[in-house]
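> predicted coordinates and the sequence they were generated for:
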Amino acid sequence: MSTVSNQGPTGSQPEKVENKGQPEVVRDKPDDGLSLGDMVARGDRLQAAQQGQIRDKGITEEQKLEQLNNQLTPHISGKPGRGALSRGLGLSEELGRELSREAGSQPYRDRVLKGETNLPVREFTWSNQRQMDQSANAGLGIPLGLKQFFQLRKSEYQTQPEKSDSQTNVKVENFLNQTPVKDNEKRSPAEEKELEQSREALKSAVSPEETLSKALHLARLYQHLRYIDEAKKATELALGIDPDNMVARQMFKELERMHPVDIGVATLPITVPNAVTKSALRKRILGLSGGKVAVVGDLLIDELMEGKPERISREAPVLILEHVDTVHIPGGAANTASNVVALGGECMAVGVCGADEYSEKLSSMLDRYRIRHSLVKDITRPTTVKTRILSKSHSLMQQLLRLDRISHNPISSIIEKILIQQIEEAVVGYKAVILSDYKAGVITDGVIKSLRAYAEREKVLLIVDAQGDFTRFQGSTLLTPNQPDTEGFLGYRIDSDSVEKAGKEMLEKTGAEAVLITRGAEGMALFERGKQYAEMPVFNRSDVFDVTGAGDTVVATMALALVSGASYVEATALGNLAAGIVVRKSGTATTNQREMLETLEQLNIPE
């Protein structure tokens with residue numbers, strides 16, 4: 001048997017463990033500043049020495065267990081597999097008993113000696129109910145005689161208890177009981193499925209954080225479906241979980257401002273021109289299918305790069321996002337074409353792209369959205385791409401940055417000739433051509449002249465969605481400028497008193513057959529040659545989420561309506577109706593005939 005020499009805590013030299021016939025094992029002698037980590041490390045070294053002695057003696061397993069059992073200290077225990085921390089560690093017996101608790105029990109010691117390292121991890125805590133001696137206090141930075149505040153148990157340093165999952169589950173259950181699914185006939189199968197899945201996802205959430213995210217998503221869905229009371233309750237559920245959540249607070253403010261007169265079934269009748277009736281518009285909506293419209297202009301990709309916020313960079317005070325997904329959707333003239341197809345029409349898109357990696361992505365994107373296309377590659381310019389960097393917070397996206405790959409220079413004369421040739425070949429058989437100018441250099445004077453001649457020769461409609469100098473588009477069928485662009489062209493502000501004057505000037509200066517000025521919240525103003533101008537109020541007054549791409553929806557809807565036989569007034573009403581739907585959606589969006597018919601039935605206009 002080995003003899004352990006222990007001279008007490010006053011020495012400064014390492015002491016030896018004497019082993020007859022065995023190599024000497026040196027361990028550090030404890031001092032007054034012994035820390036918990038030192039205790040564990042010293043126990044490891046001592047156990048290794050003892051195991052080496054037993055292994056070399058060639059004794060049986062039962063003898064090994066018995067020998068180690070006799071030497072195992074009952075004064076301290078820690079993580080399983082740490083082994084015995086032997087006597088001579090500088091601890092008083094009282095402190096050893098305070099820290100040990102379970103280690104002295106026979107089953108626990110047996111499990112440790114057998115090397116069962118997957119036992120549950122024990123937590124240490126210093127008693128804060130009694131004063132400790134200098135040796136125990138050393139290294140903790142606490143003056144002698146004061147209470148100990150060094151805590152390792154989570155339950156002892158948390159100031160406020162976490163809300164239990166049961167409390168959250170009760171709130172979710174109450175919310176689901178208070179918002180039963182109703183009016184199934186007013187929702188499409190896709191909307192019905194989305195609502196059912198969102199409610200089930202909320203019910204299945206396993207943490208308060210996940211419940212918060214699902215509640216916010218469901219609130220947005222309810223808002224989209226025009227169930228404002230349900231949306232408010234879902235938002236209140238989210239605020240009950242996190243009262244300081246900015247997304248929930250902002251959403252609740254939005255919902256508080258909404259009233260039935262603003263979002264759906266208007267209690268007061270909407271004043272519209274006499275030609276606009278539900279029956280007439282219903283017929284025109286059904287007639288949109290099969291219309292053939294070509295789009296010529298600046299085809300571009302809207303690239304959405306989604307990232308998950310991680311941390312603030314050490315290199316600069318900027319947010320680090322971990323890439324989650326990248327999505328390509330039609331933008332510019334391509335979004336106009338996408339709206340035509342979504343409404344049931346057939347569309348041919350003609351434009352210019354670069355000879356780069358995004359040219360193939362543009363072509364694939366157009367195919368995916370069922371848009372026929374004819375692209376001219378230009379090696380001197382990039383494919384136009386607008387990249388938006390998005391950070392996802394719960395169910396909402398926050399745009400952080402936009403990066404544009406674009407050339408504003410006009411296309412060269414050679415590319416222009418090739419483009420004109422492809423336009424004349426591609427648009428054959430189409431009843432209308434939309435010129436969509438986003439100032440990316442494709443719509444040159446030569447292209448406009450060629451299309452004007454083609455429209456006159458083939459008796460097709462030439463519809464212009466552009467900005468800047470509108471005199472370039474002399475003799476077009478329809479111009480659809482917004483109010484700010486019209487004010488910039490005419491040189492004065494437009495209000496209710498001057499809108500008629502502005503419309504007449506636009507007709508005179510452009511030589512167009514008709515001009516539609518879109519005025520945002522003020523509605524639309526339609527001017528036709530030889531007729532009294534007509535004003536159309538907005539059908540969706542305040543349920544506006546994102547106005548991006550609404551102009552593309554208006555011009556696409558009007559073009560399809562006109563080629564199907566609608567009057568300018570009817571086409572304007574349909575454009576107004578379609579735009580009121582897409583502004584309730586995020587980003588560049590489209591609508592369809594079913595949504596238009598459902599929304600039409602909710603309007604308080606003459607039958």
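Yep, that arrived.

> any idea what sits nearest P481, other than its immediate chain neighbours?
When the adjacent residues along the chain are set aside, P481 lies closest to I517, with 6.2 Å between them (CB to CB, 6 or more residues apart in numbering). In short, each C-beta sits where N, CA and C put it, glycine included.

> using the three-state scheme, assign the one you found.
Secondary structure of I517, reduced to three states by DSSP: H, G, I helix; E, B strand; the rest coil: strand.

> how about the one 10 residues further on?
Look at F527: counting by three-state DSSP, its state is strand.

> surely it and K504 touch.
Yes - with contact defined as CB atoms under 8 Å, F527 counts as touching K504 (6.7 Å).

> report the beta-bridge partners for the residue nearest to P481.
A525 (DSSP bridges).

> ok, it - contacts?
Contact partners of I517, counting by CB atoms under 8 Å, 6 or more residues apart in numbering, are 481-483, 486, 494, 499, 502-503, 506, 524-525, 527.

> could you rerun that using 6 Å?
483, 486, 525 (CB atoms under 6 Å, 6 or more residues apart in numbering).

> got a pLDDT number for it?
Looking at I517, its pLDDT reads 92.

> from F489, how far out is it?
Counting by CB to CB, to the nearest Å, the gap from I517 to F489 is 11 Å.

> would you say I434 is within a strand?
Yes - I434 forms part of a strand when assessed by three-state DSSP.

> and the pLDDT at it?
95.

> the one 3 residues further on now?
Turning to D437, the model gives it a pLDDT of 91.

> neighbouring contacts of the helix or strand harbouring R311?
Taking DSSP states H and E as the criterion, R311 maps to strand 299-312. Outside strand 299-312, the residues that touch it by CB under 6 Å, 6+ apart are 319-329, 331-334, 349, 351, 362, 384-392, 588.

> which ChimeraX command selects the buried ones in the residues you listed?
Typed into ChimeraX, the line below selects the buried ones among the contacts of strand 299-312, using 16 or more other CB atoms under 10 Å:
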select :321,328,329,331,332,333,334,349,351,362,384,385,386,387,388,389,390,391,392,588
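
> just the ones of the contacts of strand 299-312 in helices?
333-334, 362 (DSSP state H).

> now, among the residues you listed, which is nearest to K232?
Nearest to K232 among the ones in helices among the contacts of strand 299-312 is A334, at 37.3 Å by CB to CB.

> residue contacts, that closest one?
Applying CB under 6 Å, 6+ apart, the residues near A334 are L299.

> for it, give its distance to S313.
For A334 relative to S313 (CB to CB), the value is 35 Å.

> what about L597, neighbour count?
Neighbour count of L597, defined by other CB atoms under 10 Å: 14.

> state the pLDDT value of it.
90.

> how about it, secondary structure?
Following three-state DSSP, L597 is assigned to helix.

> just give me the neighbour total for the nearest residue to it once chain neighbours are set aside.
In space, and not counting its chain neighbours, L597 is closest to I285: 5.7 Å by CB to CB, 6+ apart. I285 has 27 neighbouring residues, counting by other CB under 10 Å.

> I'd like the average pLDDT over the helix or strand encompassing I285.
Element membership for I285 (DSSP H and E) is helix 278-286. Here helix 278-286 scores 89 as its mean pLDDT.

> again with stretch 217-232
On average, stretch 217-232 scores 82.

> what's the first-to-last distance across that stretch?
Start-to-end span of stretch 217-232 (CA to CA, to the nearest Å) is 12 Å.

> any buried residues in it, and which?
Buried-residue list, stretch 217-232, by 16+ other CB under 10 Å: 217-228, 230-232.

> so which elements touch the helix holding I285?
helix 568-582, helix 593-602 (3 or more CB pairs under 6 Å, 6 or more residues apart in numbering; DSSP states H and E).

> so which of these comes closest to Q197?
helix 593-602 (19.8 Å).

> return the set of buried residues in the closest one.
By neighbour count on 16+ other CB under 10 Å, the buried set for helix 593-602 is 593, 595-596, 599-600.

> swap in stretch 187-201?
Applying 16+ other CB under 10 Å to stretch 187-201 flags 187, 191, 194-195, 198-199, 201 as buried.

> and for stretch 483-502?
483, 485-487, 489-490, 494, 499, 502.

> can you tell me the closest non-neighbouring residue to I423?
Distance criterion CB to CB, 6+ apart; nearest residue to I423, sequence neighbours excluded, is V350 at 5.2 Å.

> H373 is in contact with that neighbour, correct?
No - using CB atoms under 6 Å, V350 is not in contact with H373, being 7.1 Å away.

> neighbour count: those two, which is higher?
Set V350 next to H373 and count neighbours by other CB under 10 Å: V350 wins out with 27 against 21.

> could you report the pLDDT at that one?
96.

> ok, now K186?
Listed pLDDT for K186 reads 65.

> find the nearest non-adjacent residue to T277, please.
P606 (5.0 Å).

> wait, is the one you found part of a strand?
No - read with three-state DSSP, P606 is coil and lies in no strand.

> count of neighbours near it?
13.

> please report the distance of it from A275.
For P606 relative to A275 (CB to CB), the value is 10 Å.

> what of D437?
30 Å.

> which one of the two has more residues nearby?
Taking neighbours as other CB under 10 Å, D437 and A275 compare with D437 leading, 23 against 15.

> just checking, that one touches D465?
No - between D437 and D465 there is no contact under CB under 6 Å: 7.2 Å.

> let me see the domain layout of the chain.
3-157, 165-258, 278-602 (automatic domain parsing).

> quick one on the thing from earlier: distance to L255 and pLDDT for the ones in helices among the contacts of strand 299-312 - can I get that in TSV?
Formatted as TSV, the ones in helices among the contacts of strand 299-312 follow (distance: CB to CB, whole Å; pLDDT from 0 to 100):
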residue	distance to L255	pLDDT
A333	36	93
A334	34	94
L362	39	95
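
> fine by me, we can end here.
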